[in-house]
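Asker: What shape does this take:
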Amino acid sequence: MAFHLKGIKTPHRKGTKGVPVVHIDTPKTVTIPMSMHIGKPAVPTVKVGDIVKVGTKIGEAEGFISSPVYSSVSGKVVKLTNYLLANGANTTAVVIESDGEMLADENIVPPVVNSREDLVNAVKNAGIVGLGGAGFPVNVKIDVDPQRIDYVVVNGAECEPYVTSDTATMLNRTDDIKVALNALNKYLGVNKVIIGIEKNNKLAAESMINMASTIKEFSVQVKILPNLYPQGGEKVLVYHTTGRKILEGKLPIDVGCVVLNCTSLAAIGSYLQTGMPLVEKCVTVEGGCVTNPQNVIAPIGTSFKDMFDFCGGLKCEPAKLIYGGPMMGITVENMETPIIKNTNAILALSNKEAKLPKTTACIRCGTCVNTCPFSLSPLDIADAYEKKDADALKELSVMSCMECGCCSFNCPANRPLVQINKLSKKFLNDQAKKEASK
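Answerer: Have a look, this model is predicted:
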């Protein structure tokens, strides 16, 4: 798998950058799925009729790669229901009717941390996952031999169009980020931190540089990155900040790096100081249909409808609703969809923004290859997928695709290349499961 410094230019459309963050009014109900992370869903620990408060545990982590879930409002559990996630998976969701008081659970106290194990357990108990989109439990990321960690790479490269919620975190929660970095230094022995921020995000860069200047015990460097998408992709970010290459099938820790999103760090810092687990999220509410786009802090489980209503409602009927940014986000079907732990944005796109161009035949121009961060060949992957040629798909390293969408975005024939890559990966996974079951 080749690496290069190429990327693509996407429209930024970051009208909410630097706009004051606001807190939403307490919603009447929240719907909180038990699966808001990579790994096994949490197991509900409440039943209909139970009274809960902000920070009350309502879902217990199931297994090593999992994450506990907490109530984001105070009130009564009114339903446990089967819930279809935006990615097509089924899980259980706990529906809570708010009493409007937002009373905190009496058991909320800051964790006692005196060792590496204490820190790992604290992060697990906080329910903190990768908040940039992937949702991987952060405690698993940091539960490694400290001798293997050369760098902590902080992802502040908010490269998706529209999205500015991480920028809001870097502007408003520098103290929380600093507390988390100090804990990583003290208990994991982390001595080198690199914060990657795109060149056009001067506000966030200045904020992080000022924060870094107050840390004398270890090295915290802010690295200014080119304005290229997908700068925030994990493998791309590690390469552009450290020069290290994460090969196919390998993880950042295999090259001495732990990658943490800036908002995940802020959540760690907040929990270490207050003991309040992850119960709310800063979300960019944007798109051509939104009357008053802004960054909104809302309880996890708040519906799209409540978020849009708080932002002045919608000016027109949305052509598409999206979790996340337009490049890697997931389309959702209805306004009752809740925000979850790793929701960084919700978009209500107008017809003009969402209109898909007409697809034509591949002209073998190679643009998709030239724009892929890993120099994959989406046109050949598409041919192999059409033939259901598993060996060819493996040879073409389709499993290395990060699904960034650069190929589709720049294809002059407007072919759904990233979607075909996703289907190819699913095809290989299904084939592997069949082989394993024989």
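
Asker: what's the longest helix along the chain packed up against?
Answerer: For the chain, the helix that runs over the most residues, judged by DSSP state H, is helix 417-437. Contacts defined by 3 or more CB pairs under 8 Å, 6 or more residues apart in numbering; DSSP states H and E place helix 417-437 against helix 378-386, helix 390-395, helix 406-410. Using the backbone N, CA and C atoms, a C-beta is placed for each residue, glycine as well.

Asker: Going by contacts, tell me the helices and strands next to the longest one.
Answerer: For helix 378-386, the helices and strands in contact under the criterion 3+ CB pairs under 8 Å, 6+ apart are helix 367-371, helix 390-395, helix 417-437.

Asker: Adding mean pLDDT, distance to residue 50 and mean neighbour count, write the ones you listed out as CSV.
Answerer: Compiled in CSV, the helices and strands packed on helix 378-386 are given as follows (pLDDT from 0 to 100; distance: least, CB to CB, whole Å; neighbours: other CB atoms under 10 Å):
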stretch, mean pLDDT, distance to residue 50, mean neighbour count
helix 367-371, 93, 51, 19
helix 390-395, 97, 48, 15
helix 417-437, 93, 38, 15
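
Asker: Can you add distance to residue 16 and give those back as a markdown table?
Answerer: Below are the helices and strands packed on helix 378-386 laid out as a markdown table (distance: least, CB to CB, whole Å):
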| stretch | distance to residue 16 |
| --- | --- |
| helix 367-371 | 27 |
| helix 390-395 | 40 |
| helix 417-437 | 26 |
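
Asker: Residue 74 is nearest to which of the ones you listed?
Answerer: Of all these, it is helix 417-437 that lies closest to residue 74, at 39.9 Å by CB to CB.

Asker: how far off helix 378-386 does the closest one point, in degrees?
Answerer: Note on geometry: by axes from the mean of the first three to the mean of the last three CA atoms, to 10 degrees, helix 417-437 and helix 378-386 are set 40 degrees apart in direction.

Asker: can you list contacts of helix 417-437?
Answerer: Contacts to helix 417-437, defined as CB atoms under 8 Å, 6 or more residues apart in numbering, come from residues 368, 376, 378-379, 381-382, 384-385, 388, 390, 393-394, 398-399, 401, 403-408, 411.

Asker: let's go with 10 Å and repeat that
Answerer: 327-328, 362, 367-368, 372, 376, 378-379, 381-386, 388-390, 392-394, 396, 398-411, 416 (CB atoms under 10 Å, 6 or more residues apart in numbering).

Asker: Identify each buried residue in stretch 73-83, please.
Answerer: Buried positions in stretch 73-83, judged by neighbour count with 16 or more other CB atoms under 10 Å: 73-75, 77, 80, 83.

Asker: swap in stretch 295-313?
Answerer: 295-296, 298-304, 306-311.

Asker: just these now: which is nearest residue 252?
Answerer: Nearest to residue 252 among those, with distances taken as CB to CB, is residue 300, at 26.5 Å.

Asker: Report the contact partners of the closest residue to that closest one other than its chain neighbours.
Answerer: Among residues not flanking residue 300 along the chain, residue 72 sits closest, at 4.5 Å (CB to CB, 6 or more residues apart in numbering). Going by CB under 10 Å, 6+ apart, residue 72 touches 26-27, 30, 32, 52, 54-56, 58, 96, 98, 102, 277-281, 298-302, 338-339.
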